[in-house]
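S.K.: I would like the atomic coordinates for the input below:
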Amino acid sequence: MVFPLSVLNSARNQPVSIELKNGETYNGNLVNIDGYMNLNLKEVICTSRDGEKFWKMPNVYVRGLSIKYVRLRPDILNAVTDDGSAKPKQKKIRTRTLALRGAKKRKLVAPNTN
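M.R.: I've put the predicted structure just below:
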């Protein structure tokens, strides 16, 4: 299984196109990505939501929460190496102590939701 962060990590130093939720698009080279899918781009061309205005910027930081989609070159998917570093962490099963009125405390195990 390939995780989205693994795909984006393999796209470093490659051209990407990003559309934000507000309609703006950013085309540039991907420099860095973090666990929240925040992206750093260099040599960026920004297009307004109506497509009539353009800006050239040396670098841009895009917050992952505002991204609608990311477009990559097709050959990047073939170059993905899933080393497991972008794998989501498993939830720990917690035990809780339930105190009943005046009764002995019992340990309850949270149900397994797999």
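S.K.: what's residue 7 in contact with, if anything?
M.R.: Residues in contact with residue 7 (Cβ atoms under 8 Å, 6 or more residues apart in numbering) are 72, 76-77, 80. Any C-beta I mention is one placed from the backbone N, CA and C, and that applies to glycine too.
S.K.: got the CA coordinates for the strand or helix carrying it in CSV?
M.R.: Using DSSP states H and E, residue 7 sits in helix 4-10. C-alpha atoms of helix 4-10 as CSV (Å, rounded to 0.1, in the frame of the first residue of the first chain):
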residue,chain,number,x,y,z
PRO,A,4,-0.1,9.9,0.0
LEU,A,5,2.9,11.4,1.9
SER,A,6,5.1,8.7,0.3
VAL,A,7,4.0,9.8,-3.2
LEU,A,8,4.6,13.5,-2.4
ASN,A,9,8.0,12.7,-0.9
SER,A,10,9.0,11.0,-4.1
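S.K.: one step back: make CSV from the contacts of residue 7 and add secondary structure to it.
M.R.: Listed next are those as CSV, based on DSSP: H, G, I helix; E, B strand; the rest coil:
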residue, secondary structure
72, coil
76, helix
77, helix
80, coil
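S.K.: For the following helix or strand past the helix holding residue 7, which residues meet the burial criterion?
M.R.: Moving toward the C-terminus from helix 4-10, the next helix or strand (DSSP H and E) is strand 15-20. Using 16 or more other Cβ atoms under 10 Å as the test for burial, strand 15-20 gives 16, 18-20.
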